[in-house]
Each structure stands twice: as C-alpha cells, then as structure tokens.
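Peer 1: Requesting a structural model of the entry that follows:
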Amino acid sequence: MALVSMNTIEDQNRAIWRVRLVSALRTIIACSIVGYTTLYGPAPLRRVLTYPAVSYLAAILIVSEVTLGDTLRGFCQALYATVQVLLPSWLTLWIIGPARLTRELAAVAVAISAFVVALPESTPLLAKRLAFGQIVIVYVGTVVHGSSTGSFMHPIHVASSTTLGALASVLAMLLPFPRLAYCEVRKARRLYAENASQRLSLIVEAISDQHNSTAHDFIAQQKYLSQTGLELLQTVNNNLGGMVWERPQIIFLKPNCAELGEKLQDMEIPIREMERALSSRTLFPVDMMIDEEFKELLQSLKLQISLKLEHDKCFVPFEATTAPEVKGGALEKPLWMPKTNIKMPENLPALFLLYCMEFLLNGSPSVRKIEDNPTKKTEESNKSKSDDQRVRSCVFLRSPSSQSLIFALKCSVSLGLSVLFGLMYNTENGYWSGLTIAIGFVTGRQATFIVANARAQGTAMGSIYGVLCSFIFQRVYDLRFLPLLPWIIFTSFLIHSRTYGQAGAFSAAIGALLILGRKGYGAPTDFAIARVAEATIGLICFILVELLLNPARAATLAKAELSESIGLLRECMENIILRPHQKNMSASRKLREKQHQLKYHVDKLQHFISEAQMEPNFWFMPFQSASYGKLLGLLSRLVNLLHFVVYQIEFTSEISERLDSSSENLLQNMNDDLELLKDRVSSSLKQLEAATSTSSLQVLKEELQTEKICRDLEMGKSPNKHTFRPPDRDEGVKGILSSFLLHLEEVIDKIYTWEGTEKLKSQMVLCLTGLGFCIHSLATEIMEIEKEVNDLQ
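Peer 2: Okay, the predicted model is just below:
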C-alpha cells in the first residue's frame with residue numbers, strides 16, 4: 001500500500017513537472033516571437049513597434065500557464081484594453097499638446113485615465129492591467145520625447161506593441177500543438193472520477209475492517225487522495241472559462257457544463273464527510289453493527305457508485321449519466337431488521353456513511369422524484385432567466401460599488417504618484433516606476449508587504465541576471481537572447497514558490513527581458529540601477545496608498561469575519577426545525593439561504609487568515625494562526641453538515657404528513673429536544689459572536705481606559721482573562737443529545753410498523769439517522785469552537 005502511494009506521488013510529480021515545463025516553453029516561444037520581431041523584423045514594422053517592453057509585458061501576462069481558450073480570451077481583453085486607452089489618449093494629447101505635457105500634467109492624466117479604466121466592474125482584471133501599462137507608456141513617453149512625439153502616432157505605437165505581445169501569445173499556444181481547456185477539463189474530470197472511486201473503496205474497506213491499525217492505514221492513504229481530489233476540482237474550475245472560448249457552442253448545446261464545477265463539488269462534499277465519519281468511527285466501537293449483511297450492503301453500494309463514476313468519465317452532464325438501477329437489492333429492503341440493537345451515537349458514523357452513499361448514488365434521499373408542479377417550476381425557471389437577462393442589461397447603468405470605487409481610487413493615486421516621483425527622479429527611465437505596479441493590481445485585498453517584497457526581489461534578480469549575461473555576451477551582441485531561455489524556464493517554476501509567487505516570478509522574467517531582449521537603452525548596468533530605483537519608488541507609492549485606503553490589518557478583519565461567521569452559524573441553528581410540511585418549507589428555504597451566506601463568509605475568513613499569516617507583525621503580537629486554522633476547519637465542516645441538514649429536514653417534513661398520531665408525537669418529542677438544544681447552543685454562539693466582534697473590542701478598550709489599565713487590544717493581549725468565560729454547558733448539551741437520539745431510536749422502531757414499500761422505509765431510516773449524526777456533530781463541533789474561541793481571548 002505504501003508502494004502504491006509512493007508510485008502515485010511520483011507520477012503526480014512528473015505530471016506537474018511536465019505541465020510546467022511545457023508552459024515555460026510556450027512562454028519562451030512567445031517572448032522569442034516578440035524579440036525577433038522587434039530586433040530583426042522589417043524596418044517599417046520596427047518603426048511601429050517602438051515599445052518592446054509593452055510587448056513583453058503582454059506576452060508574459062497572457063501566455064503564462066494557460067490554455068488556448070484562456071489565451072484567446074486574453075487576446076480579446078488586450079484589444080479591449082487597447083481601445084480603452086487609444087481613444088482617450090488621442091483626445092488628451094490633441095487638447096494639451098505633447099510639447100505642453102509636463103511631469104505634473106502627465107501624472108494627473110495617468111491618474112484620471114487609470115480611475116476611468118478601473119471603475120467599471122465589468123472590465124476584466126487582465127484588461128485593466130494591460131490598460132494601466134499602456135497609459136503609463138503613453139503619457140510618460142510623451143514627457144520623455146517632448147515635442148517630437150506625435151499626438152496621433154505615439155498611442156498607435158503603444159497599441160501596436162501591445163497587440164504584438166497578445167498575438168505572440170496566441171501563436172505560442174498553437175505551437176507545436178494547442179493545449180485545450182476542453183481536454184484539460186475532460187482529463188481532470190476522468191481523474192477525479194477515478195480518485196473518487198479509489199477513496200470510496202478505501203472508505204468501505206476501512207469501515208468493514210475490524211482492526212483499528214489497518215483502518216488507520218486506510219485513513220492515512222485516503223487523506224492523500226482527498227487532497228488530490230481537491231486539486232482536480234480546482235483544475236476543472238480554472239479551465240471552465242477557457243473551455244467556453246474554445247467551443248462557444250457548449251453554451252447552447254450543453255448548458256449544464258457551465259455548472260460542472262458545482263456538480264463535482266456536490267459529489268465531493270459527501271465523500272469528504274464520509275471520510276470524516278470514518279475518522280469518527282475510529283473513536284467508537286461499532287463491531288456489533290458491522291456484520292456480514294452490512295458488509296454486503298456496503299460492497300453493493302460501492303459497486304453501483306463505481307459504475308456510475310465509470311459512466312461519468314465521459315464528458316456529458318451529470319443528468320445525462322445513466323447510472324445502473326438497483327434491482328431487488330440493497331435499497332429495496334430495510335438496511336437492518338428491527339431485532340438489531342441500534343446503539344446511539346456509536347453507530348451513527350456508519351449509518352451516516354450509508355446516507356452519503358445513497359446521496360452519491362441517487363442524490364438526496366428526499367422525496368425528490370415527486371415534483372409538486374412541473375409547470376410552475378418551468379415558469380419560475382423562465383422568470384429567473386429573464387431576471388438574469390434584465391440584470392445583465394442594466395449592469396452598465398447601476399452605480400459602482402464601494403469596493404470598485406476604492407479599487408479605482410487606489411489604482412489612480414498609486415499610478416499618479418509613482419509616475420510623478422519617477423519622472424522627478426529620472427525622466428528618461430520614468431516608465432518603470434508606474435509599470436512595476438501597473439501589472440500587479442488586484443480587485444480585493446492582498447498581502448501588501450509580501451507582494452511588494454516579492455516584486456522588489458524579482459526585479460533585482462532579473463536585472464542582475466540581465467547585467468551579468470550582457471557582460472558575458474558583450475562581444476557577441478546577437479546571442480544575448482539565448483540566456484533568456486533557461487531564465488524563463490526558471491521563472492515559470494518560480495511562480496509556484498511560496499516566497500515569490502506570481503508577482504516575484506513575473507518581475508524576475510520582465511527584469512531580464514528588458515535588458516537582454518531590447519537594444520538602444522544605454523549601458524546595461526546604468527539601466528539596471530535606474531530601473532531598480534524606479535521600481536522602488538513605485539512600490540513605495542503602492543504600499544503607502546494601500547495602507548491609507550486599507551488601514552485595517554488582516555488579523556483584525558479575520559476576527560471580524562469570525563464573528564460574522566459565528567453569527568450566521570447561530571442563525572442557521574435557529575432555522576433547523578422539525579415541523580409539518582407547510583410550516584417547515586419556509587424555514588428550510590431560509591436555512592438554505594443562511595447556509596450559502598455562511599459558506600461565503602467562511603471563504604472570506606480563509607482569505608483573511610491566509611493574508612494575516614503572511615503580513616509582518618511589526619509592533620503587534622503574532623497572529624494566532626494555529627487557533628484560527630482550527631476554527632476555520634470546524635466552520636468548514638459545519639457548512640458541509642448544514643448542506644445535508646437542509647435536505648434532511650425537508651424530507652422529514654414531507655414524511656411527517658404520512659405519520660399517525662403516535663408517530664407524530666415521537667417526532668414532536670425530537671423537535672422539543674431540538675428546540676432545547678438550539679436554545680443552549682444559540683445562547684453560547686451569541687456570546688461567542690459578541691466576544692469576537694470588533695465592537696466588543698471597543699467596549700473593552702473603554703473599560704480598560706476607565707480602569708487605567710494599559711493594554712494593547714490590537715496586539716492581542718487579553719484585557720481580562722475572565723472577559724469571556726463560556727458557561728459549562730457540555731453536560732447539559734450531552735443530556736439533550738442523548739434524549740434526542742433516544743427519541744430518534746423510537747421513531748426508527750416505529751418505521752418498521754408502517755405500511756409502505758421497503759425502499760421508502762429504508763430512505764426514512766437513512767434520512768433520520770443522517771439527521772441524527774449531523775445534529776450530534778453540529779453540537780459537538782460548536783462545543784469545540786467554544787473552546788477554541790476561549791483560547792483566543
């Protein structure tokens with residue numbers, strides 16, 4: 001088993017190395033096309049392509065680690081960016097005149113143009129970056145060349161250079177054969193189906209094994225496969241956009257392909273929760289339930305799901321996949337006979353595993369086949385589509401959001417200041433202060449100091465490499481381009497470095513290209529020194545503006561997002577209701593909405609935690625990454641559990657209509673226990689929400705000032721170790737859970753006396769035991785969150 005795992009790791013490493021090497025070779029081809037055209041092309045063409053730096057920038061930004069569809073999309077965005085810059089720059093230079101454009105006016109023109117480009121939310125980020133670079137070149141170039149600059153031809157030269165880089169990227173992607181996003185998605189989907197089948201086999205073998213040591217070996221191996229599955233899902237999501245550009249007919253012929261990422265994610269959640277249930281199983285002895293009949297059931301379900309996954313390797317929507325039907329087998333009879341002693345909660349993990357397998361095989365075991373009103377659903381679907389079209393048609397009429405305004409202001413002020421100070425320091429090389437930051441803006445937050453440091457180091461490394469190669473090849477000038485080949489390969493692998501990332505790798509590649517891939521810029525050493533100085537000016541302006549517009553630390557935002565997530569978790573718990581069908585549908589819809597909101601905020605929390613781990617501490621206390629990491633893992637699992645709870649309470653509300661009075665009373669007893677549990681948990685979550693909120697920090701700060709105690713709240717020091725002391729509710733919660741599970745056993749026993757098909761009874765048992773596992777896990781995880789939050793105080 002270890003040998004198989006080692007071979008799998010080696011195969012994966014070779015595949016990753018091969019993909020990155022091919023990507024580097026395509027980048028080399030694109031840069032070679034630009035270099036040959038600008039250095040050795042026909043004289044009339046070279047007179048138009050006067051800014052090879054812009055061509056290299058466009059090629060690097062478009063061609064790096066993408067597919068043909070992404071490259072085509074990047075090419076179109078480059079043309080869009082060119083049009084955005086070309087028309088306003090013509091008008092500006094015609095009104096002001098190249099001879100009258102001073103450094104100050106150039107900085108103002110750059111700032112205004114950048115604001116106009118950055119403000120629309122519909123403009124893609126790549127188009128904005130390319131437009132920023134062209135804006136800097138147009139206005140700084142006018143200042144450098146003065147009256148000799150043609151107000152009409154100068155923007156044409158910049159636009160032509162950008163188009164060359166974009167066109168070189170497309171040609172590089174076609175040679176020697178295109179890398180298609182369609183094929184990448186198809187391959188990743190096939191590999192994911194194989195990965196899911198392997199994980200499912202390991203889970204079944206582990207749950208059926210009676211020796212914990214062997215089970216632990218299975219668990220260790222499936223953890224590696226789980227990580228691989230997440231990477232394959234990411235590959236699918238990353239290539240869906242490019243696939244549409246390669247085959248636009250997919251939108252019309254296979255509209256469900258646009259939702260492929262969500263469908264695969266819906267498959268990933270049950271498998272992931274089965275793995276966690278397996279980990280829970282190792283804590284409880286379930287030998288009494290794992291009999292031969294149960295093992296045969298597991299093997300039968302595994303075989304059917306594996307057959308479905310085999311069909312799923314073909315690139316068709318999930319709805320078109322024909323899974324083999326169960327014939328007189330597993331789910332046509334109850335999962336176990338009433339004589340079996342079902343112990344709670346010891347057997348819940350195994351029962352929940354069955355629920356997840358049913359979920360994988362047939363979707364949610366609710367009454368999903370019974371559609372209330374197909375005509376009504378069609379009308380609602382058409383109404384939703386018309387609403388979406390109306391929203392899209394009005395996207396340009398709505399006012400920009402506050403986030404768009406902040407982003408536009410950040411780009412405008414940063415580029416304006418960097419151009420102004422860059423021209424003041426060195427007019428001839430004033431381009432590089434603005435270009436250094438123009439290609440690196442992002443719409444959201446980023447680790448400012450880490451990104452700036454990576455760009456600075458990348459610029460220095462690339463410049464030094466270029467100077468050294470220029471010195472070595474000073475007698476064979478025409479061969480200076482050759483050292484760029486290994487350097488581009490190196491920077492292509494550097495993209496995946498945690499230290500440098502994409503920002504540092506791009507800066508390193510561009511730094512060498514600007515020295516070895518051009519001519520007529522003077523002595524390489526002098527140019528390298530001037531460019532590093534200009535890049536430093538630009539990065540300083542970028543950092544200052546970023547700190548002014550986003551003064552809050554990521555650690556503070558992570559704590560605020562944690563409070564928001566806990567508040568939404570409390571609202572989710574309050575909407576878990578077991579009631580008759582009519583009263584419960586609105587609650588289940590609200591629970592689904594709250595679950596989606598919770599997922600969104602947990603994703604934001606993950607982003608802030610990642611940023612907080614990278615930001616410098618300065619005079620603050622170190623970020624408690626370990627505790628926040630545990631809280632993030634707990635919240636992520638709660639999101640997945642609530643995903644199942646939504647389906648479970650909908651199904652429970654549907655079957656409650658078929659219950660007799662005694663059974664309905666038993667279900668009401670479960671609901672009463674659930675209400676007690678919700679009261680306990682909600683009060684605890686409310687205190688946790690208050691303890692982690694930023695408003696509570698301000699109240700505590702005022703109290704400390706009143707008491708004249710000098711403590712730094714931002715540094716993470718606890719003002720009082722008794723500020724938040726969660727009440728000891730563990731025993732009370734456990735007692736309520738025991739009562740809830742006891743009533744659950746009574747309802748299950750009652751199910752066997754009902755009249756109805758064996759399959760319906762099996763689905764009822766599956767859903768109720770799955771609900772029991774989810775409620776038990778929710779309460780347990782919330783108690784763990786309580787302990788972790790207490791450690792943060």
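Peer 1: In this structure, which residue sits furthest out from the middle?
Peer 2: Most distant from the centre of the chain: residue 475, at 49.7 Å, with distances by CA atoms, centre = their mean.
Peer 1: Buried residues of stretch 20-31, list them for me.
Peer 2: Of the residues in stretch 20-31, those buried under the neighbour-count criterion (16 or more other CB atoms under 10 Å) are 20, 23, 24, 25, 26, 27, 28, 29, 30, 31. For glycine as for every other residue, the C-beta is placed from the backbone atoms N, C-alpha and C.
Peer 1: Residue 273 is in contact with residue 352, correct?
Peer 2: Yes. The pair residue 352 / residue 273 is scored as a contact, 7.5 Å apart, by CB atoms under 8 Å.
Peer 1: who has more neighbours, these two?
Peer 2: Remark: of residue 352 and residue 273, residue 352 carries more neighbours, 29 against 24, as counted by other CB atoms under 10 Å.
Peer 1: In contact with that one, which residues?
Peer 2: Taking CB atoms under 8 Å, 6 or more residues apart in numbering as the criterion, residue 352 is in contact with 273, 274, 277, 769, 770, 773, 774.
Peer 1: pull the CA atoms of stretch 116-133 into PDB?
Peer 2: What follows is stretch 116-133, C-alpha atoms only, in PDB (Å, rounded to 0.1, in the frame of the first residue of the first chain):
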ATOM      1  CA  VAL A 116     -11.800  55.600 -15.600                       C
ATOM      2  CA  VAL A 117     -10.400  52.300 -16.600                       C
ATOM      3  CA  ALA A 118     -10.500  50.700 -13.100                       C
ATOM      4  CA  LEU A 119     -14.000  51.800 -12.100                       C
ATOM      5  CA  PRO A 120     -16.300  49.600 -14.300                       C
ATOM      6  CA  GLU A 121     -16.800  46.200 -12.600                       C
ATOM      7  CA  SER A 122     -17.500  44.500 -15.900                       C
ATOM      8  CA  THR A 123     -13.900  45.100 -17.200                       C
ATOM      9  CA  PRO A 124     -11.800  42.000 -16.700                       C
ATOM     10  CA  LEU A 125      -8.700  42.400 -14.400                       C
ATOM     11  CA  LEU A 126      -6.300  41.400 -17.100                       C
ATOM     12  CA  ALA A 127      -7.700  44.100 -19.400                       C
ATOM     13  CA  LYS A 128      -7.300  46.700 -16.600                       C
ATOM     14  CA  ARG A 129      -3.700  45.700 -16.000                       C
ATOM     15  CA  LEU A 130      -2.800  45.900 -19.700                       C
ATOM     16  CA  ALA A 131      -4.600  49.300 -19.900                       C
ATOM     17  CA  PHE A 132      -2.700  50.600 -16.900                       C
ATOM     18  CA  GLY A 133       0.600  49.700 -18.600                       C
END
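Peer 1: pLDDT (mean, whole number) over it?
Peer 2: This predicted structure assigns stretch 116-133 an average pLDDT of 92.
Peer 1: Next, the buried residues of that stretch.
Peer 2: Buried residues in stretch 116-133, counted by 16+ other CB under 10 Å: 117, 118, 119, 123, 126, 127, 128, 129, 130, 131, 132, 133.
Peer 1: Switch those over to TSV; also include secondary structure and distance to residue 184.
Peer 2: Below are the buried residues of stretch 116-133 laid out as TSV (DSSP: H, G, I helix; E, B strand; the rest coil; distance: CB to CB, whole Å):
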residue	secondary structure	distance to residue 184
117	helix	31
118	helix	31
119	coil	34
123	coil	26
126	helix	19
127	helix	23
128	helix	26
129	helix	24
130	helix	24
131	helix	29
132	helix	30
133	helix	29
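Peer 1: Now do the same for the most centrally placed residue in the chain: its pLDDT.
Peer 2: By CA atoms, centre = their mean, the mean C-alpha position of the chain lies nearest to residue 603, the distance being 7.6 Å. Among the per-residue scores, residue 603 holds a pLDDT of 92.
Peer 1: So it versus residue 647, what's the distance?
Peer 2: According to CB to CB, to the nearest Å, residue 603 stands 22 Å off from residue 647.
Peer 1: So residue 29 versus residue 433, what's the distance?
Peer 2: Taking CB to CB as the criterion, residue 29 is separated from residue 433 by 30 Å.
Peer 1: Kindly report the same for residue 736.
Peer 2: For residue 736, the distance to residue 433 under the criterion CB to CB works out to 64 Å.
Peer 1: More neighbours: those two, which one.
Peer 2: Each of residue 736 and residue 433 had its neighbours counted (other CB under 10 Å), and the higher figure belongs to residue 433 (33 against 23).
Peer 1: helix or strand for the more buried one, which one?
Peer 2: Element membership for residue 433 (DSSP states H and E) is helix 431-438.
Peer 1: Against which helices or strands is that helix packed?
Peer 2: Helix 431-438 is packed against helix 52-63, helix 125-145, helix 402-425, helix 448-472, helix 524-549, with contacts defined by 3 or more CB pairs under 8 Å, 6 or more residues apart in numbering; DSSP states H and E.
Peer 1: With distance to residue 640 as new columns, can these be given to me in TSV?
Peer 2: Below are the helices and strands packed on helix 431-438 laid out as TSV (distance: least, CB to CB, whole Å):
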stretch	distance to residue 640
helix 52-63	36
helix 125-145	30
helix 402-425	28
helix 448-472	31
helix 524-549	35
